[in-house]
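>>> from the sequence below, what's the structure:
(2 chains)
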2 protein chains.
Amino acid sequence: MFKVLDRAREIERAGIRIIHLELGNPRQPPPPSVIEAAIDSLRDMNVGYTSPAGLPALRDAVAQRHVAGGCSWVRADNIVIGTANLIINQFLDLVCDPGDPVVFFTPAFPTYWAAAAHIGLRVTGIPLSPAAGYELESGDVDAALAAGPRAIIVNSANNPTGAVYSEATLRYLASRCEERGIWLLSDETYADICYATPFFSMAALNLPNVVVMSSFSKVMSVPGYRIGYVLGTKAVVDKFALSNSTLISCLPIFSQAGCLAGLRDLEAYVRLQRDRFGSIASRSADRINRSDTLKVPPPRSGYYLFVDISSTRMDDMTFCTKLLEERHTAATPGRSFGAAYTDRVRIAFCGERREVDEGIDRIIAMTCGSQYKSGVSLALDS
Amino acid sequence: MFKVLDRAREIERAGIRIIHLELGNPRQPPPPSVIEAAIDSLRDMNVGYTSPAGLPALRDAVAQRHVAGGCSWVRADNIVIGTANLIINQFLDLVCDPGDPVVFFTPAFPTYWAAAAHIGLRVTGIPLSPAAGYELESGDVDAALAAGPRAIIVNSANNPTGAVYSEATLRYLASRCEERGIWLLSDETYADICYATPFFSMAALNLPNVVVMSSFSKVMSVPGYRIGYVLGTKAVVDKFALSNSTLISCLPIFSQAGCLAGLRDLEAYVRLQRDRFGSIASRSADRINRSDTLKVPPPRSGYYLFVDISSTRMDDMTFCTKLLEERHTAATPGRSFGAAYTDRVRIAFCGERREVDEGIDRIIAMTCGSQYKSGVSLALDS
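As a prediction, the model looks like this:
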């Protein structure tokens, strides 16, 4: 993904406008308090070190939000602030040894693959069914367990498919893993952006083998803050704090202060986000499915479309390169989510609504040629 | 170190003032532009992702500073922005396999030990001579090579001793390592705070086996920004960018924008810093050496004193615990810098001058008892 971004930036430096659909990099403004509190904290010269576990007030506020969400067991001691990408690496590093088997349900977020490769783990991908909208089903859980993993990463609400897994299946997964001593990382980064299905948090289960992670990147539209958190038993999250002290010392106080302020008036913001993304999601999926060349299951959460490009007879790399170089539109090759997905591309629809529309027009125009009549102008260099 | 900090914060939450001499957490204000540019960048909503290699403009500005400093070969392509602690981990991870031997000259910065332990490396510590002011000598280099390491970390200007190694010895170290295919990480974080000896940067050598790292934390007094960089051949630093994309995605744009602005008017600031720390260093070392119980070689750089407490007959943990609980002053146990240093503690003198004086008074009073006449009041709870 970052290679696409770097190439896109090169083209932009040559003066050409690129439509960015490659990264989950939201362009709507964050809640104003997130910015203002970070600025106030900088003005107050909060530029020193802090605890590797994170600002106590932020840990407490995150815990309270989970309590308010129904996980009454959660305390500040169960939360450690971190960077979401690093948390994925830390989790696999803490619970696995090199060579250990792990399971991801695929398609799966690129950092899972990169982190597993970095640590030298053997990954079994359990492919979820596109026909079932990439929903996790009990048969997928059984297949995962049959691989004998040390750890499983599960990601509902899902990036890149937008699927939201059912409470029943998640409970089944967790209890089977607990019986067998399998670690579970539940990546709940998109939990607040479920617009079509209720979300179930595995934090509700209060199981010692379940580690929940999330991030403020998406819910507050500040991916550049690089602030997220891990939730689990005190014994487990303390290990993440120790790992933080080795790897990064701590995270900036002012960024954490911004997220703390954002939590105070988050609920109104996430309602708007859900409405916004729900509307763009259904509109965008409809337009793609009407193209006759491309197919996508309508997402129920998040801001991605995992599009089937197989009828174009291009593989994902060819497709994305042609799209970037000829149509000045960036998307992510499907293989980033698992080697088998060379007939898929991921489109992120978290930019300006008009830009997303235009980007999807460009994609459809490229794949349909002149057969496609777009209502939107295709001014590439405007 | 962070455990001491956490305990100190607990005591502070009980309303007691602690004098912090445990962390290299400078309290003088950074160059104003570092703060203002970060605020401007936040106001401009630079809260999205950027390149894992860092902001191009910052990479370029860092390269230009090294060119201006005499390393004419350095280009933006030779710089990757990162977090200094993570760079240490990434270096060892990239060039070593678990079980490989590595060498540190001791006492050595705690993160080196933690990173090596995390990766499973076998560390040989080569102890430098306190009588020689912990200077690196050619015999130490020969001893390091005799250990047959895959990699060596060298840290001039040194934390915790304040030693600055000679150009001749550093050239000898680098050329012997190049002959033998040994990787060298030169941690030059305190390069700009050398007040008694000229600094030699290993970047000047332009060798493919030498990786130089530094940080803006100390030179700009913003450790909480968590921004530093690595310098080396393009092939090597590209690996750090790839590792960044796996581990942390990227670093905040606004923090990088702050450091970029800071580089523009840094030279005047570092001159003041050198004068300030040079003066506090000699004054503090003098006072400690006059105490008759404690001894320290006067540092030539940085803002640490690595104090010999052996005449107190307390080990470092006992000493630091007693100092914190009874005298409300935090210092770092010597064993953080190598298991053998249980008769040393590190004092950081980067706080307010008056606080540093008072902290050193408290230390001397604790070790000398009533024999010591302090000119400064010892109001513990003031």
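>>> contact residues of the stretch 1-150 of chain A facing chain B?
Residues of the stretch 1-150 of chain A found near chain B (CB under 8 Å from any CB of the partner chain) are A:2, A:5-6, A:9, A:23, A:25-27, A:29-30, A:35, A:38-39, A:42-43, A:45-53, A:83, A:85-86, A:89, A:98, A:111, A:114-115, A:118. Any C-beta I mention is one placed from the backbone N, CA and C, and that applies to glycine too.
>>> which among those count as buried?
Applying a neighbour-count criterion of 16 or more other CB atoms under 10 Å in any protein chain shown, the buried members of the residues of the stretch 1-150 of chain A next to chain B are A:2, A:5-6, A:23, A:25-26, A:30, A:35, A:38-39, A:42, A:45-53, A:83, A:85-86, A:89, A:111, A:114-115, A:118.
>>> what number of residues lie near A:Asp265?
A:Asp265 is surrounded by 12 other residues when neighbours are defined as other CB atoms under 10 Å in any protein chain shown.
>>> the longest helix along chain A near chain B anywhere?
Selection of the longest helix in chain A by residue count, based on DSSP state H, yields helix A:266-289. No. For a cut-off given as CB under 8 Å from any CB, helix A:266-289 has no contacts with chain B; the smallest distance is 14.1 Å.
>>> what does that helix contact?
Residues outside helix A:266-289 that contact it (CB atoms under 8 Å, 6 or more residues apart in numbering or on different chains) are A:28, A:31, A:65, A:162, A:192-196, A:219-221, A:262, A:294-299, A:302-303, A:305, A:307, A:347, A:349-350, A:353, A:356-357, A:360, A:363-364.
>>> quick one: distance of stretch A:246-265 to the chain centre.
Between the mean C-alpha location of stretch A:246-265 and the chain-wide mean there is a distance of 19 Å, by CA atoms, centre = their mean, to the nearest Å.
>>> for that stretch, buried residues please.
Neighbour-count burial for stretch A:246-265 flags A:246-263 (criterion: 16+ other CB under 10 Å).
>>> repeat that for stretch A:58-69.
Of the residues in stretch A:58-69, those scored as buried under the neighbour-count criterion (16+ other CB under 10 Å) are A:Leu58, A:Arg59, A:Asp60, A:Ala61, A:Val62, A:Ala63, A:Arg65, A:His66.
>>> elements contacting the helix or strand the first one falls within?
This points to A:Leu58. Taking DSSP states H and E as the criterion, the element that holds A:Leu58 is helix A:56-68. Counting by 3 or more CB pairs under 8 Å, 6 or more residues apart in numbering or on different chains; DSSP states H and E, the packing neighbours recorded for helix A:56-68 are strand A:79-82, strand A:228-231, helix A:253-264.
>>> will you turn those into a markdown table that also has mean pLDDT?
What follows is the helices and strands packed on helix A:56-68, written out as a markdown table (pLDDT from 0 to 100):
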| stretch | mean pLDDT |
| --- | --- |
| strand A:79-82 | 98 |
| strand A:228-231 | 98 |
| helix A:253-264 | 97 |
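>>> JSON lines for these, including distance to A:Ile153?
Formatted as JSON lines, these follow (distance: least, CB to CB, whole Å):
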{"stretch": "strand A:79-82", "distance to A:Ile153": "16"}
{"stretch": "strand A:228-231", "distance to A:Ile153": "13"}
{"stretch": "helix A:253-264", "distance to A:Ile153": "24"}
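>>> looking at those, which is closest to A:Leu94?
When those are ranked by proximity to A:Leu94, the top entry is strand A:228-231, at 10.3 Å, counting by CB to CB.
>>> thought A:Gly54 was touching A:Leu231?
No. Between A:Gly54 and A:Leu231 there is no contact, the gap being 11.8 Å when judged by CB atoms under 8 Å.
>>> tell me which of these two has more neighbours.
Using other CB under 10 Å, the more surrounded residue of A:Gly54 and A:Leu231 is A:Gly54, with 29 against 25.
>>> skipping adjacent residues, who's closest to that one in space?
Counting by CB to CB, 6 or more residues apart in numbering or on different chains, A:Gly54 lies nearest to A:Ile81, which is 2.5 Å off, once chain neighbours are set aside.
>>> mind checking how far that neighbour is from chain B?
Taking CB to the nearest CB, to the nearest Å as the measure, A:Ile81 falls 13 Å from chain B.
>>> need the contact list for that residue.
Each residue near A:Ile81 by CB under 8 Å, 6+ apart is listed here: A:Ala53, A:Gly54, A:Leu55, A:Leu58, A:Arg59, A:Val62, A:Ile227, A:Gly228, A:Tyr229, A:Leu251, A:Gln256.
>>> ok, so of those, who is nearest chain B?
In terms of CB to the nearest CB, no member of the contacts of A:Ile81 lies closer to chain B than A:Leu251, at 6.9 Å.
>>> kind regards, and thank you for your time.
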